[in-house]
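K.L.:
show me the folded form of this:
(one chain, ligands or ions: 3)
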Amino acid sequence: MALLEHIGEPADLRGLSHAQLGALADEIRGFLVRHVARTGGHLGPNLGVVELTLALHRCFDSPRDALLWDVGHQAYVHKILTGRTAGFARLRQRGGLSGYPSRAESAHDHIEHSHASMALSYADGMAKARQLAGDGGRHIVAVVGDGALTGGPAWEALNSIAAAPDRPVVIVVNDNGRSYAPTVGGLARHLSALRTHARHERPADLGRRALDEAGAPGRRPHRAVHATRQGIKDALAPRTFFADLGLAYLGPVDGHDLPAVEDALERAKGLGCPVVVHCVTRKGLGYRPAEDDDTDHFHGVGAIDPRTGVPLRTSGLTWSAAFGHELSAAAAESPEVVAITAAMPDSVGLTAFAARYPSRFFDVGIAEQHAVASAAGLAMGGLHPVVAVYGTFLNRAVDQVLMDLALHRLGVTLVIDRAGLTGDDGPSHNGLWDLALLQPVPGLRLAAPRDLPTLREELREALGVADAPTALRFPRGAVAPDIPALRRTGGVDVLRESHGGVLVVAVGVMARTALDAAELCAARGVPTTVVDPRWVTPLPAELLRLAGGHRAVVTVEDGLRSGGVGTAVLQQLADAGITAPVRVLGVRDGFPGHGTRAELLAEAGLTPEAVAQAVVSVAGEAWTAGAADPPPTTRGATPPAR
Ligand SMILES: Cc1ncc(C[n+]2csc(CCOP(=O)(O)OP(=O)(O)O)c2C)c(N)n1
Ligand SMILES: CC(=O)[C@@H](O)[C@H](O)COP(=O)(O)O
Ligand SMILES: [Mg+2]
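P.N.:
Numbers count the residues shown, from 1 in each chain. Ligands and ions are numbered 1, 2, ... in the order given. I've put the predicted structure just below:
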């Protein structure tokens with residue numbers, strides 16, 4: 001840490017020689033491996049942007065100049081160079097450093113969410129604001145990955161940026177050829193062609209660098225060689241899609257050749273128009289386990305052995321893997337089943353399906369809206385598409401669910417992974433909104449499996465629906481142990497039964513929490529019935545009959561409280577004139593900070609003890625309100641929350 005410990009802010013980089021910067025880059029890579037191996041995080045992406053980030057902070061004057069990071073998972077080096085090395089001890093931990101830019105942490109940070117393909121829109125907006133403020137001296141720089149460039153919003157922004165040659169924006173394309181897996185599509189092919197062209201330029205680069213490293217005597221020849229070479233290169237450069245849009249284009253540049261990146265950025269600064277600087281980098285560079293990993297080059301890791309890269313903890317059978325296995329089994333019997341991912345095949349459990357049914361698997365890039373709308377096309381073609389997507393990323397495709405799937409009454413199944421509180425990735429990664437956003441979709445049917453048997457059953461039920469969109473939702477992490485039902489009535493699974501006590505309606509994996517809470521309530525003399533409605537949208541009518549036989553109702557869901565399943569139950573009871581007191585338990589804070597899922601569930605009051613408190617409380621209210629026979633005791637009851 002000879003050099004790194006002297007870097008407290010970007011200005012400290014200015015006096016370093018390129019040789020020192022090379023040594024600093026090595027120190028930064030060692031720092032990243034040491035820390036991220038312990039905390040988990042986006043190791044591969046950050047190892048790939050060390051030199052690029054050093055060059056950016058040497059060529060631009062952050063925070064006066066705005067450095068924007070698309071997705072933001074690759075901003076660890078930016079955080080190291082802006083005085084936050086100490087925070088990495090608690091990266092992504094409750095109260096610790098966020099895994100993404102955070103304005104609360106630093107004035108150097110701007111975009112806080114982790115949703116891809118949006119940085120260029122901010123750049124366009126900031127450039128317009130700068131123009132209106134007459135502050136022509138401020139540079140706006142957006143770093144966008146090749147994956148993020150496959151997202152629709154990025155193209156919308158490019159169109160707008162290219163419309164104004166007098167509004168300079170520096171667009172740094174961080175092209176490592178991958179999202180998680182290799183980036184797909186025509187744009188990826190175009191970038192690859194540009195990279196290939198650049199490879200023929202490499203010998204000249206080596207000569208130039210040798211002159212540069214020879215120090216002052218070599219400097220003059222270097223600049224002459226470089227200027228000549230650059231002129232030839234520009235003259236022979238292949239046409240680029242960016243140039244066809246009207247954007248200046250510089251590159252491709254070796255994103256690990258810091259002097260070359262600096263040259264390109266300095267040229268970009270001086271152009272005074274929107275310009276793309278195409279940097280070619282390698283995800284995971286400098287850490288052999290990441291370099292050798294061909295799944296995703298350690299895109300996102302949990303705690304690992306820093307020597308070997310081997311995970312220190314394994315999670316057992318995950319919901320994603322279980323879903324992938326079940327879908328492959330169903331697809332063997334149903335040739336109409338096809339699967340779609342938005343650049344996350346392994347994360348959503350589709351790797352095995354893709355290998356087994358390559359012609360029935362589609363990776364559309366980071367393009368969730370297109371994923372859903374193209375599913376409409378596939379369904380109109382007689383197929384049953386399954387779109388596997390994280391809940392938080394499905395948010396941007398709600399219009400397509402409404403207008404392309406529901407309006408046309410198409411049999412498409414959405415498999416919503418990472419539904420509910422996820423934790424480490426902060427407020428923009430929790431899957432809190434799917435229940436509230438999808439319940440109002442006409443005709444859509446949504447299930448929340450509680451364990452493997454219900455996942456298997458509800459997936460097959462969904463695949464059997466050909467005239468309406470269906471959806472399944474499950475959380476991040478390991479599949480819960482099986483929870484058998486005592487009986488099924490009207491589609492509702494009864495998991496625990498009492499007569500005349502409190503009815504607890506548990507959504508999906510909250511069934512385990514509700515059953516544990518029921519045990520606590522029994523010990524306090526409050527009888528409960530726990531049910532799992534399985535299909536939560538539309539609500540089974542059977543819930544009304546069950547509620548009519550109980551003195552109070554409590555609903556429990558791992559999703560936003562407002563507009564969720566509990567709200568629908570409340571409305572259904574009111575419409576039926578059932579006046580039993582109700583407690584709706586869910587997540588009240590839509591943007592909880594990062595932490596573990598367990599910490600966030602506890603803060604949301606979604607633990608067995610908290611649920612038991614709510615049940616005892618509403619029981620007290622029910623019996624106080626004149627229910628026939630008061631419970632043996634409502635000890636521990638807290639006054640009802642208003
Ligand atoms: C809208 C959206 N969909 C999916 C993701 C999940 N995701 C996080 S990083 C990533 C890949 C990004 O690839 P790229 O932009 O090339 O950056 P790199 O990791 O290669 O540096 C994806 C798909 C996301 N953050 N946002
Ligand atoms: C940056 C991003 O959007 C993902 O890489 C995110 O970190 C998802 O992590 P999990 O796949 O571990 O839930
Ligand atoms: Mg990439």
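
K.L.:
now do the domain split for this protein, please.
P.N.:
With domains defined by automatic domain parsing, the chain comprises 4-291, 319-473, 488-626.

K.L.:
would a markdown table of the ones you listed with distance to Val310 and mean neighbour count be doable?
P.N.:
C-beta here means a position set from N, CA and C on the backbone, and glycine is covered the same way. Listed next are these as a markdown table, based on distance: least, CB to CB, whole Å; neighbours: other CB atoms under 10 Å:
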| stretch | distance to Val310 | mean neighbour count |
| --- | --- | --- |
| domain 4-291 | 8 | 19 |
| domain 319-473 | 17 | 21 |
| domain 488-626 | 22 | 20 |
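
K.L.:
for those domains, which one sits closest to Gly302?
P.N.:
domain 4-291 (4.4 Å; CB to CB).

K.L.:
what's the offset of the closest one from the middle of its chain?
P.N.:
In terms of CA atoms, centre = their mean, to the nearest Å, the centre of domain 4-291 is found 21 Å from the chain centre.

K.L.:
okay, the domains of the chain in JSON lines with mean pLDDT and distance to Ala303 next?
P.N.:
What follows is the domains of the chain, written out as JSON lines (pLDDT from 0 to 100; distance: least, CB to CB, whole Å):
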{"stretch": "domain 4-291", "mean pLDDT": "92", "distance to Ala303": "5"}
{"stretch": "domain 319-473", "mean pLDDT": "98", "distance to Ala303": "11"}
{"stretch": "domain 488-626", "mean pLDDT": "96", "distance to Ala303": "12"}
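
K.L.:
how about those in CSV, adding distance to ligand 1?
P.N.:
As requested, the domains of the chain are exported to CSV (distance: least, CB to the nearest ligand atom, whole Å):
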stretch, distance to ligand 1
domain 4-291, 2
domain 319-473, 4
domain 488-626, 15
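
K.L.:
secondary structure class of the closest residue to ligand 3 within the stretch 451-600 of the chain, three-state.
P.N.:
Proximity of the stretch 451-600 of the chain to ligand 3 (CB to the ion) peaks at Arg476, 22.5 Å away. At Arg476, secondary structure determined by DSSP: H, G, I helix; E, B strand; the rest coil is coil.

K.L.:
OK, contacts around it?
P.N.:
By CB atoms under 8 Å, 6 or more residues apart in numbering, the contact list for Arg476 reads 318-319, 417-418, 420, 422-423, 597.

K.L.:
flag every residue of the stretch 101-250 of the chain that's near ligand 2.
P.N.:
Contact residues (CB under 6 Å from any ligand atom) of the stretch 101-250 of the chain with ligand 2: Ser114.

K.L.:
likewise for the chain?
P.N.:
By CB under 6 Å from any ligand atom, the residues of the chain that approach ligand 2 are 71, 73, 114, 300, 347, 418, 422, 425, 476.

K.L.:
if I pick the second one, what's in contact with it?
P.N.:
What it means is His73. His73 neighbours (CB under 8 Å, 6+ apart): 42, 45-46, 99-100, 114, 300.

K.L.:
make JSON lines out of those and add secondary structure.
P.N.:
What follows is these, written out as JSON lines (three-state DSSP):
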{"residue": "His42", "secondary structure": "coil"}
{"residue": "Pro45", "secondary structure": "helix"}
{"residue": "Asn46", "secondary structure": "helix"}
{"residue": "Gly99", "secondary structure": "coil"}
{"residue": "Tyr100", "secondary structure": "coil"}
{"residue": "Ser114", "secondary structure": "coil"}
{"residue": "Gly300", "secondary structure": "coil"}
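
K.L.:
possible to save these as TSV with distance to ligand 3?
P.N.:
Output for the contacts of His73, formatted as TSV (distance: CB to the ion, whole Å):
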residue	distance to ligand 3
His42	12
Pro45	7
Asn46	12
Gly99	17
Tyr100	16
Ser114	15
Gly300	13
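
K.L.:
and of those, the nearest to Pro252?
P.N.:
Pro45 (18.7 Å).

K.L.:
please save the CA atoms from stretch 597-609 in PDB.
P.N.:
This file holds the C-alpha atoms of stretch 597-609, laid out as PDB (Å, rounded to 0.1, in the frame of the first residue of the first chain):
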ATOM      1  CA  ARG A 597     -32.000 -10.100   3.900                       C
ATOM      2  CA  ALA A 598     -32.400 -11.200   7.500                       C
ATOM      3  CA  GLU A 599     -31.600  -7.700   8.800                       C
ATOM      4  CA  LEU A 600     -34.000  -6.100   6.500                       C
ATOM      5  CA  LEU A 601     -36.800  -8.600   7.200                       C
ATOM      6  CA  ALA A 602     -36.300  -7.900  11.000                       C
ATOM      7  CA  GLU A 603     -36.400  -4.100  10.400                       C
ATOM      8  CA  ALA A 604     -39.700  -4.600   8.400                       C
ATOM      9  CA  GLY A 605     -41.300  -6.600  11.200                       C
ATOM     10  CA  LEU A 606     -41.400  -9.800   9.200                       C
ATOM     11  CA  THR A 607     -39.900 -12.100  11.800                       C
ATOM     12  CA  PRO A 608     -41.900 -14.800  13.700                       C
ATOM     13  CA  GLU A 609     -41.800 -12.700  16.900                       C
END
